[in-house]
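[1] generate a structure from the sequence data that follows.
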Amino acid sequence: MARSPDPLPDPAEITREELLDILRARPTVGVEFAGACCGVSRAAAYRAATSGDLKVLRLGARLMVPSSWLERFLELEPLKVEPEAHGEHAGTRGNRPR
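    Modelled structure (predicted):
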C-alpha cells in the first residue's frame, strides 16, 4: 500500500517561505490546497479548475495542480527578466554602422 504524503498545512497559517518550500518539495498539490493558497473556497477552486482558470492535471479521478505553475501564478518569486540588449549585440549581428 502506498504511503500518502504528509498532510498539507492551512496556507493562511504559514509564511510565504514555508509555502515556497512546500511547492518545491512536491510536483503537484490538490485543487483544494491550491484554492486555499489563492484565497478561494473549495467550490470556487473546482470551478476554476473545470473552466481552465486553474491549471490542472487529471490523474485518474483526481485533479492536481502543478506546483511550479502555482508558484508562478502566486508570484512567490520575482520573475526573471532579461536585461535589454545594448551595444553591438542588440540586433546588429555584429555589423556596426559606419
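
[2] quick one: which helix or strand includes the residue most central in space within the chain?
    Centroid-nearest residue in the chain: Leu70, 2.0 Å away (criterion: C-alpha atoms, centre = their mean). Assigned by DSSP states H and E, Leu70 belongs to helix 67-73.

[3] which secondary structure state is assigned to the nearest residue to Ala12 once chain neighbours are set aside?
    In this structure, Ala12 finds its nearest non-sequential neighbour in Ala36, 7.0 Å apart by C-beta to C-beta, 6 or more residues apart in numbering. C-betas here are computed from N, CA, C, even on glycine. Classification of Ala36 by DSSP: H, G, I helix; E, B strand; the rest coil places it in helix.

[4] would you confirm that Ala36 contacts Pro9?
    No: counting by C-beta atoms under 8 Å, Ala36 sits too far from Pro9 to count as a contact (9.8 Å).

[5] which one of those two has more residues nearby?
    Here Ala36 and Pro9 are compared on neighbour count by other C-beta atoms under 10 Å; more neighbours surround Ala36, at 19 against 13.

[6] now do the helices in the protein.
    Assigned by DSSP state H, the helices in the chain fall at 16-25, 31-38, 42-51, 67-73.

[7] understood, closing this out.
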